[in-house]
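Asker: okay, sequence plus prediction incoming.
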Amino acid sequence: MIVDIHTHFPGRPINGAEERYFNELLKVRPGARSVMDDYIYASKPENYWIAMRPVDKAVCFGNGVFVPHVRASTDENKAIAKYVSEYPEKLIGFCHINLDDDNAVEEIRRCVEDYRFKGVGEILAPSTGHPGVLRSWRGEGRETTPRERCFLNNRKYFPIYEVIQELDVPILIHMGSEPRSNLLDVLSNFPELRIIVAHVGGFQVAETVSIMEEKRNLYADISGLSTSPFRLYNCLINAMEHHVINKLLFGTDWPYLGTTAAQYIGILRSMCQPEMEEMNLRRVPNEYMENILGNNAKKLLKL
Ligand SMILES: [Zn+2]
């Protein structure tokens, strides 16, 4: 069974706040145009189906934005619930909230109990986003908002972790530049909360793997590593050596990052081939790879 644990809901057009963020981002990072294109591409559900053809199950969630919602996007969750219910054999819903939403706790409970969503995410850690862009986008010289001063382990977010732990579903977090000590703090306060770190922590892959060894309830999805096969390979070997490879989960982050599920599965399976040894590289055992592709997620999501 192949499970893609990280896909974004197709069908939502880019909103005004996101457009403003990306326009600011373009000024400092010209390549950001492709992110805008990804949003437009993602607004077509037929593209999602083509991309998900090689997977048996796909976890589908909203688009995390750097813009505080104030109130959780109940409309987006409703739309995801409707979409998922049309394809119950294949799709699994996750609840979309922003940590600063006033109604986050009720929205999570509602989505898990009424919609039968199997997780929460993708949550953006409060420090996520290009710092310079966020500063100018929010207004230079303006007093920082409470959100800007917050980190993942701020006590005001604890009721959110509390309800997720109680409902016994995982939460998927995009860490951005959040210090890893904050993640450890959350994990220590919520020993039964299962956290999935997106992209194995991005540029902090090794740190994430070492925390995974320390904390049994920490998992990671490998979306985003497909664009850099050596980083991916190092991550898998590192995870194997730290005995956490069975907590890695396949994901594509559709429609972002440009690698399709089919391409990514091909890259992963190539790391199990005998040719690896001809290059003096260790092969990743097939058994581990099949676990990453689906068995680990199957267990985590209780499928
Ligand atoms: Zn994502």
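Answerer: Structure received.

Asker: after the helix or strand hosting residue 186, which helix or strand is next?
Answerer: Under DSSP states H and E, the secondary-structure element containing residue 186 is helix 180-189. Scanning the chain past helix 180-189 towards its C-terminal end, the next helix or strand to appear is strand 195-197 (assignment: DSSP H and E).

Asker: what helices or strands is the next helix or strand after that next one leaning on?
Answerer: Secondary structure here is assigned by DSSP H and E; on that basis, the next helix or strand after strand 195-197 toward the C-terminus is helix 205-214. Using 3 or more CB pairs under 8 Å, 6 or more residues apart in numbering; DSSP states H and E as the contact criterion, the secondary-structure elements in contact with helix 205-214 are helix 180-189, strand 218-221, helix 229-241. Any C-beta I mention is one placed from the backbone N, CA and C, and that applies to glycine too.

Asker: please work out which of the ones you listed is packed deepest.
Answerer: Ranked by mean neighbour count, the helices and strands packed on helix 205-214 are led by strand 218-221 with a mean of 25 (mean count of other CB atoms under 10 Å).

Asker: could you report the pLDDT at residue 132?
Answerer: We have a pLDDT of 55 for residue 132.

Asker: which one of the helices and strands packed on helix 205-214 lies closest to residue 252?
Answerer: Of all the helices and strands packed on helix 205-214, it is strand 218-221 that lies closest to residue 252, at 9.3 Å by CB to CB.

Asker: same question for the helix holding residue 186, mean pLDDT?
Answerer: Averaged across helix 180-189, pLDDT comes to 94.

Asker: tell me what it is packed against?
Answerer: helix 158-167, strand 195-197, helix 205-214.

Asker: mind putting those into CSV with mean neighbour count, distance to residue 116 and mean pLDDT?
Answerer: Converted to CSV, the helices and strands packed on helix 180-189 look like this (neighbours: other CB atoms under 10 Å; distance: least, CB to CB, whole Å; pLDDT from 0 to 100):
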stretch, mean neighbour count, distance to residue 116, mean pLDDT
helix 158-167, 17, 11, 98
strand 195-197, 26, 19, 98
helix 205-214, 19, 28, 96
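
Asker: of all these, which lies closest to the ion?
Answerer: Ranking those by proximity to the ion (CB to the ion) places strand 195-197 first, at 11.3 Å.

Asker: so, low pLDDT: which residues of the stretch 51-200 of the chain?
Answerer: Regions of the stretch 51-200 of the chain meeting the criterion pLDDT under 70 cover residues 64-72, 127-149.

Asker: do a quick rundown of the helices in it.
Answerer: If you assign secondary structure with DSSP state H, counting those that start in this stretch, the helices in the stretch 51-200 of the chain sit at 74-86, 104-113, 131-138, 146-149, 158-167, 180-189.

Asker: would you put the C-alpha positions of the last one in CSV?
Answerer: Read it as helix 180-189. The C-alpha coordinates for helix 180-189 follow below in CSV (Å, rounded to 0.1, in the frame of the first residue of the first chain):
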residue,chain,number,x,y,z
ARG,A,180,14.1,22.5,17.6
SER,A,181,14.2,23.0,21.4
ASN,A,182,10.7,24.4,21.1
LEU,A,183,9.5,21.1,19.5
LEU,A,184,11.2,19.2,22.3
ASP,A,185,9.3,21.3,24.8
VAL,A,186,6.0,20.5,23.2
LEU,A,187,6.8,16.8,23.0
SER,A,188,7.9,16.8,26.6
ASN,A,189,4.6,18.4,27.8
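
Asker: how far out from the middle of the chain is it?
Answerer: What separates the centre of helix 180-189 from the centre of its chain is 18 Å, taken as CA atoms, centre = their mean, to the nearest Å.

Asker: re the thing from before, contacting residues around the helix holding residue 186?
Answerer: Helix 180-189 is contacted from outside by 125, 151-153, 158, 161, 173, 175, 193, 195, 197, 201, 204, 207-208, 211, 214-215, 217-218, using CB atoms under 8 Å, 6 or more residues apart in numbering.

Asker: quick one, it and helix 158-167 angle?
Answerer: Relative orientation of helix 180-189 versus helix 158-167 (axes from the mean of the first three to the mean of the last three CA atoms, to 10 degrees): 50 degrees.

Asker: is the residue nearest to residue 292 when sequence neighbours are not counted bridged to anything, and to what?
Answerer: Using CB to CB, 6 or more residues apart in numbering and skipping the chain neighbours, the partner closest in space to residue 292 is residue 248 (4.9 Å). Under the criterion DSSP bridges, residue 248 forms beta bridges with residue 220.
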